[in-house]
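[1] Mind folding the following:
(3 chains)
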Amino acid sequence: MSSAAYTRTTAEPEWVLPSRGRVGMFSLIGAESAVFTIFVVAYIFYIGKSVAGPTPADVLELPILSTICLLSSSLTIHLAVRALHQAKVGAFGLWWFVTMALGTIFLVSTGREWHHLIYDKGLTVSTNLFGTTYYSLVGLHAFHVTVGLLIIALAMVFTLFRKVKPEHGERAEVFSLYWHFVDVVWVIVFTVVYIIGR
Amino acid sequence: MSSAESRSHKSEATRSTIHLPAPTAWPIVLAFGITLLLAGLVTTTAVSLLGAILAVAGLVGWFRDVLPQEQEETIEVRVEATVVSTSRREVARLPVAPDLPRALLPLETYPVSAGIKGGLAGSVAMAVLACLYGVLKEGSIWYPINLLAATVYTQSVHLSIASLKAFHLDSFLLATGIHLLTSLLVGLLYGAMLPMIPHRPIILGGLVAPILWTGLLHSFLELLNPLLNQLISWPWFVASQFAFGIVAGLVVVRQEQVRIRQLVPFLMRAGFEAPGLMKERADKDEPR
Amino acid sequence: MSSESIALGTVIESARPIGERLHDWVVTVDHKKLGILYILYALFFLVVAGIEAIIMRIQLIVPHNHFVSPQTFNRMMTMHGTTMIFFMVMPILFGFGTYLIPLMIGARDMAFPRLNAFSFWMTAFGGLLLYFSFIGGNGLYGAGTAPDVGWWAYAPLTSRAFSVGHSTDFWTLALLVSGIGSIGAGVNFIATILCMRCPGMTLGKMPLLAWLNLVVGGMVIFCISPLTAAQIMLCIDRYLGGHFFDTQAGGSAVLWMHFFWIFGHPEVYILVVPAFAFVSEIVPVFSRKPIFGYPIMVAATIAIGFISFSVWAHHMFTVGMSAYGNSFFVFTTVAIAVPTGIKIFNWLGTMWGGKILLRVPMLFCIGFLFQFLIAGLTGIMLGTAPFNWQLSGSYFVVAHFHYVIVGGIVFALFGAFYYWYPKMSGRMCNETLGKWHFWLFLIGFHLTFDFMHIPGILGMPRRIYTYEPGRGWELWNLIVTIGAFFQAAAILVFVVNLLWSLRKGEPAGNDPWDAWTLEWSTSSPPPDYDFATTPVVRSRRPLWDLKHPEDPDWKYE
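    Numbering: from 1, shown residues only, chains lettered A, B, ... in the order given. The predicted model follows:
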């Protein structure tokens, strides 16, 4: 029997498989969420177990503005991806830039908060358990935001040089999954650190 | 996506070239960079610095590989006539089902109702014997019922012998529930298993199985029901288990066996009635 | 592929300079080359970690032995465990997966070929970093070289106060690096199996190897990442003065245990499920019957995958958890035996009534079946808290998990080697040497690990450097060490066989075992593009359908 025996001879319904970009990104998000779970569990486990001050109630203030910025960047990246799917490259660039700006605001305000905590309140990673868990959890999230922003900036550069075309819509969409994930994690971190833990 | 494109080409068997991802050194550069970056923590900062440079170079190189288009190399294909054959032409067949090309065993089994009937009948036989024990030996029909209820009802552990012989509605309801549930489950198991037992199902199901589970119960009855364990009369207990096994077994065996509906499509077994359900499978026999 | 074209290929290969050929291997993104790289790399570490085991066994052969120093013994123990788990069994299983999955699902490569290369090199550099500690670990004079904290690295042993210098950091960073590689491999497995299947191969028609590796991929991403997170925490503790596992500052040593075993127990199933996959492919072919209970096998694997994430604390019964905690983990541990038992029955059901061919791959699989059963039984014993309180931390535990890893996983691995070696190299392994390998290894395995249970029951603690005479342990330790040498001899035979067969083995042809999955429809070794034309399948045994057109499987599935 020749190899021709298992090639298709007549038209059949289209053989559709899931997109590997999406599946890969969802798997990565699964792995990342496990990492965050461990850090969140450690944070919750150590709430109130510090043997010395300062405590969260003393030093933490609700980062309302940066939270609003980060969460709304989820919406703007969605609009950007939709614009790209509709072949509106200009609108894509605009929304993409807004996303980048909102993410940067978040990162800058996290930096200001840390500066305030370290230099005004004297809380460092080695001060007490609260410092250790706080900086590692929030820092891990900030690291993910930074990575996301770097990729967004890279795509922004491509957009400015007019290299982004509608066929890149799927890649942008796969990346937006990551960005949504980072936002969802922030909702959890915010709840745990600033509401439950305070 | 390139994979999708090449897949759509592959259906044309005569293509002589194939696109494969091109070899690239950037993954190893990136991996080495990250390793050095971390290795700097256990050696010196210079190593970390070198690692960082390599990692950035690796990332940039990698991006240039995949953006804006993935790098591919084109490879010539030698289409050979791959022969798939076997020296084992003969296929041995089970003699049990000559009319079927493939069979799920057993071919015939008891319907579910057989197990339910057997379980119920066995439960009656067992209850009769247990109550007989209560009346003859202890002078009260309620005595065994109260003992059984103690399995889940901790209140009855504290009852005195005298009140064990009195009627308690809660104990009665609980005992009836336990008795019926267990009997039904064991009955269903009998219905499923007896067709598998090749010889003398009654001896195995009626005598051997009760002995086995009585032995099992004997070893951990203290944990399950300490009250029953204290006051139990093992000969009567074994006898009532035999009564259950034999009656349930007999009832099950006397039911009609039915052929299992293999080769019938799932939709039909699920009760759908529509034209073409069986015909579809016949169609599939033709090569597509 | 005919024999002339093999010869032709060899001529072309050897005509090119060796540097160029090595360069090909370094820059490759081909799943077959990367798979072989994984396997060779793991075989190297098998020998290294085997030597470490032999050193430990020589040290324990008689009481009051001074073959090595206590410090060296601790290093050998740590490095043996870490290497065998992270740099031998995991890479070798990833290697087989990387090699076989695309071939079995009729694809030309993995979903992310470059990520595949990256994952391999991360794993490889992780191992090199770990072993660099022997040279570069001398942070402080006398502070030691290689890591010596045991492969669990329990706190507070890993704190700065008890582990000066950088030996523990080498361990942490090496696992961090290789962990990134493992997660990459897991992501790649999932994406490949879900997105690269050839037309007609629905999920229900995938070979079991693909199904089981899909589950492994899922377990890798959810279980290696907690380890990565815990290693980051340990780094924060050691480098930035954090207090995660610092009991002086209110931190918890038990939290490390939880984090480690949340990784540690699913890891066991990450290692054993690919072994199940090999057995599920080999046993049907050598029994000449289709696998028994395919859907149940898939369901049982998925069940194992889920339950394995809820059993971790059975490693911690002696820590002193609450009674409810203990009961829960006893329950889940016993529950995981159910799907595992189902699988054993299904393999037996596959063999039952079959025309069993006792070739070397099948011999190893039969060995696997019986030994894995015993390993599972001692596992249930150790999984019940009261029994565990008696024997936790003894040689009984060591014997149990080596029964799982060597008696189960390594036996299945050797079976896989002999089964797929013809596909990878184009030549058959020598059957006589293979049988020598099997019997020597079987004898050595049973001498070592059967008798290792006994000193455990007699109270010999694990990880001890030496022991007093007169406790009744001498004879058993002697037998155990003798068995270790049998195993070493068997490995030697195995390596000789691999090398000899590469040059002198019989040419295999496409399909030496008369098997049924897609990898046997292409030439051996497969061309760069795997399949000249993309196959289309209609059943779980596509090659059966071609070989028996009068009685194909797809009519009944």
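
[2] Show the residue spans covered by the strands in the stretch 401-550 of chain C.
    For the stretch 401-550 of chain C, applying DSSP state E, counting those that start in this stretch gives no strands.

[3] low-scoring stretches of chain A, by residue?
    For chain A, residues meeting the criterion pLDDT under 70 lie at A:1-12.

[4] The closest residue to residue C:383 other than its chain neighbours: neighbour count?
    Nearest non-adjacent residue to residue C:383, counting by Cβ to Cβ, 6 or more residues apart in numbering or on different chains: residue C:333, 3.4 Å away. For every residue, glycine as well, the C-beta is placed using N, CA and C. Other residues near residue C:333 come to 24 when the count uses other Cβ atoms under 10 Å in any protein chain shown.

[5] After the helix or strand hosting residue C:333, which helix or strand is next?
    Element membership of residue C:333 [criterion: DSSP states H and E] is helix C:323-351. Heading C-terminal from helix C:323-351, the first helix or strand you meet, by DSSP H and E, is helix C:360-383.

[6] can you pull the contacts of residue A:71?
    A:183, A:186, A:187 (Cβ atoms under 8 Å, 6 or more residues apart in numbering or on different chains).

[7] Kindly report the same for residue C:56.
    C:73, C:76, C:77, C:80.

[8] Was I right to think the third one contacts residue C:463?
    What that stands for is residue C:77. Yes - with contact defined as Cβ atoms under 8 Å, residue C:77 reaches residue C:463; the gap is 5.9 Å.

[9] Find residues that contact each of the two.
    If you check residue C:77 and residue C:463 against Cβ under 8 Å, 6+ apart, the residues they both contact are residue C:150.

[10] And the two? Which one has more around it.
    residue C:77 (23 against 14).

[11] Measure how buried the residue nearest to residue C:340 when sequence neighbours are not counted is and give me the count.
    Using Cβ to Cβ, 6+ apart and skipping residues adjacent in sequence, the residue nearest residue C:340 is residue C:376, 5.9 Å away. Here the number of neighbours of residue C:376 (other Cβ under 10 Å) works out to 20.

[12] For residue C:376, give me the pLDDT.
    We have a pLDDT of 93 for residue C:376.

[13] Please report the distance of it from residue B:206.
    Computed as Cβ to Cβ, to the nearest Å, the residue C:376 to residue B:206 distance reads 33 Å.

[14] again with residue B:57
    Counting by Cβ to Cβ, the gap from residue B:57 to residue B:206 is 79 Å.

[15] Which one's more surrounded, these two?
    residue B:206 (23 against 14).

[16] dump the residue contacts of residue C:259.
    A:38, A:42, C:226, C:227, C:229, C:230, C:233.

[17] farthest-separated two in these?
    A:42 and C:227 (13.8 Å; Cβ to Cβ).

[18] Hmm, residue C:474 and residue C:64 touching each other?
    No - if you go by Cβ under 8 Å, residue C:64 and residue C:474 don't touch, sitting 10.6 Å apart.

[19] who's more crowded, those two?
    Per other Cβ under 10 Å, whichever of residue C:64 and residue C:474 has more neighbours is residue C:474, with 16 against 8.

[20] Enumerate every residue touching that one.
    Residue C:474 neighbours (Cβ under 8 Å, 6+ apart): C:62, C:63.

[21] By proximity to chain C, which residue of chain A wins?
    With Cβ to the nearest Cβ, the shortest gap between chain A and chain C falls at residue A:126, namely 3.3 Å.

[22] Can you tell me the SS state at that residue?
    Three-state assignment for residue A:126 (DSSP: H, G, I helix; E, B strand; the rest coil): coil.

[23] which residue sits closest to residue 87, ignoring its sequence neighbours?
    All of this is about chain A. residue A:166 is the one closest to residue A:87 (Cβ to Cβ, 6+ apart), at 4.2 Å.

[24] You answered for a different chain; I wanted chain B.
    residue C:514 (6.9 Å).

[25] what's the answer for residue C:301, then?
    residue C:215 (5.0 Å).

[26] I'd like the distance from the host helix or strand of that neighbour to the chain centre, please.
    Residue C:215 belongs to helix C:208-240 when assigned by DSSP H and E. Mean-position distance between helix C:208-240 and its chain equals 15 Å (Cα atoms, centre = their mean, to the nearest Å).
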